[in-house]
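1. sequence below, structure please.
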Amino acid sequence: MKTRGTSLNPHNRFRTIVTDRQCDDGWYQNPDDQLCPDSVATEVVNEQVRTIISRNRSPDVPFDQSINPYRGCEHACIYCFARPTHAYWDMSPGLDFETRLIAKPNAAAQLRRELDKPGYQVSPIALGVNTDAYQPVEKQREITRDILRVLADYRHPVSIITKGALILRDLDLLSELAGQGLCSVRVSLTTLDSSLKRQMEPRTAAPATRLKIIRELSAAGVPTGIILGPVIPFINDHEIEAILQAAADAGARRASWIMLRLPLELDELFRDWLQRHFPQRADHVMNRIRDLRGGKSYDSRWGKRMTGTGPYADLVRQRFNRATRALGLGRHEAEPLRKDLFQRPGGQQMTLFGL
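-> Residues are numbered from 1 along each chain as shown. As a prediction, this is how the structure comes out:
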């Protein structure tokens, strides 16, 4: 599929009755046949949500509240750990995840209702963790910008993870929040190679553009760091030091890393991607991934799923730590954000204990 991460659309694991339709069977295909197109347009449907803040209790994730303005992600990153969540909506974690999106147009209004609840406990909200809040659809929908307006009104702390250049549109709100110690940004930086970027993350910002994002956010006073992830054995692992150097030169303050993880249907999708783009390396890559996960493609244990175990994981950790020390980058620590400024627009100040 042109500009898509995968052409596969495997059935989701909850579907009990399935049908198979093969497009490429060697027979002539009419180019106007809509059942077997070589590209697929993005479809977006709306969901009126009843709650917008998700709570997290995973001990290896550095936040306990998050908001995702969209389900599915047009960025089409082949390695995205969130792909299997599309199965909950009776859609495929493959091509459906990239092309059949769900937007939450009432997200900002619902957020106000939740922040106004008397028992609300202030804690930084991570924005766009599961799927990117600044994916292309945001340009027209502006749901993320509406959410930021609410957070600014309430003086609520927020952290953002993105690989989308559209974040610079909201520099006014981000700098306002950052000026009060209420905002930090992490840019996902996986490679400096534009060709590899197009293969792994077809609809994301180019590496040079992501470095520009870091420079402009930093210049505007927004604390900015990077997430180097996922590290993929024999695909982008040789770039660790170069990526960290480029990020530091652009003004990044902090860096963290994540090893590739392949939960559920993502295993099939990633193996297909390897065979298409790196057939001579595919077995080598998968063997190393299994070495990291106790002989399996994935290990879901907390504290292990993000980094893996064994000599290769230790080597990546040592390289990362050595480079960040040399560059003066903070490692893993979350940017401290203020929680004591929270105030409802009506003027009611709220303590840290929600009283």
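2. give the buried residues for stretch 218-233.
-> Buried positions in stretch 218-233, judged by neighbour count with 16 or more other C-beta atoms under 10 Å: 218, 220, 222-233. Just so you know, the C-beta spots here come from the backbone N, C-alpha and C atoms, and that holds for glycine as well.
3. pipe the residues you listed into CSV and attach secondary structure, distance to residue 79 and pLDDT per row.
-> Conversion of those to CSV gives the following (DSSP: H, G, I helix; E, B strand; the rest coil; distance: C-beta to C-beta, whole Å; pLDDT from 0 to 100):
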residue, secondary structure, distance to residue 79, pLDDT
218, helix, 27, 97
220, coil, 30, 97
222, coil, 27, 97
223, coil, 26, 96
224, strand, 23, 97
225, strand, 20, 96
226, strand, 16, 97
227, strand, 13, 96
228, strand, 13, 96
229, strand, 9, 89
230, strand, 5, 97
231, strand, 10, 98
232, coil, 7, 98
233, coil, 12, 98
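4. what is the most widely separated pair among those?
-> For the buried residues of stretch 218-233, the farthest-apart pair by C-beta to C-beta is 220 and 233; their separation is 36.3 Å.
5. what helix or strand is the nearest residue to residue 72 once chain neighbours are set aside located in?
-> Spatial nearest neighbour of residue 72, chain neighbours left out: residue 101 (4.2 Å); criterion: C-beta to C-beta, 6 or more residues apart in numbering. Per DSSP states H and E: residue 101 is located in strand 100-103.
6. C-terminal to that strand, what's the next element?
-> Proceeding N to C from strand 100-103, the next assigned helix or strand is helix 107-115, under DSSP H and E.
7. re earlier: please name the bridge partners of the residue nearest to residue 72.
-> Using DSSP bridges, the bridge partners assigned to residue 101 are residue 44.
8. okay but it is in contact with residue 137, surely?
-> Yes. Residue 101 is in contact with residue 137 according to C-beta atoms under 8 Å; the separation is 6.0 Å.
9. which one's more surrounded, the two?
-> Set residue 101 next to residue 137 and count neighbours by other C-beta atoms under 10 Å: residue 101 wins out with 23 against 20.
10. picking that back up, common neighbours of residue 101 and residue 137, please.
-> 42, 44, 70, 74 (C-beta atoms under 8 Å, 6 or more residues apart in numbering).
11. tell me if I'm right that the third one and residue 131 touch.
-> Yes. Between residue 70 and residue 131 a contact is recorded at 5.3 Å, counting by C-beta under 8 Å.
12. quick one on the thing from earlier: now for the residue nearest to residue 72: which residues touch it?
-> 42, 43, 44, 45, 70, 71, 72, 73, 74, 137.
13. that one and residue 76: what is the separation?
-> 11 Å (C-beta to C-beta, to the nearest Å).
14. mind listing residues that contact the lowest-mean-pLDDT helix or strand in the chain?
-> In the chain, the helix or strand scored least confidently by mean pLDDT, DSSP states H and E is strand 330-331, which has a mean of 81. Outside strand 330-331, the residues within contact range by C-beta under 8 Å, 6+ apart are 225, 253, 254, 255, 256, 320, 321, 324, 325.
15. who wins on neighbours among the residues you listed?
-> Among the contacts of strand 330-331, residue 225 has more neighbours than the rest - 27 neighbours, counting by other C-beta under 10 Å.
16. is that one in a bridge, and if so with what?
-> With DSSP bridges applied, residue 225 shows beta-bridge pairing to residue 186, residue 254.
17. is it true that residue 308 touches residue 292?
-> Yes. Using C-beta under 8 Å, residue 308 makes contact with residue 292 at a distance of 3.2 Å.
18. any common contacting residues for these two?
-> By C-beta under 8 Å, 6+ apart, the residues touching both residue 308 and residue 292 are 259, 299.
19. contact partners for residue 274?
-> Residue 274 is in contact with 281, 282, 285, 286, counting by C-beta under 8 Å, 6+ apart.
20. just the element for the third one, please.
-> The one in question is residue 285. helix 282-292.
21. in that helix, which residues are buried?
-> Under 16+ other C-beta under 10 Å, the buried positions of helix 282-292 are 282, 285, 286, 288, 289, 291, 292.
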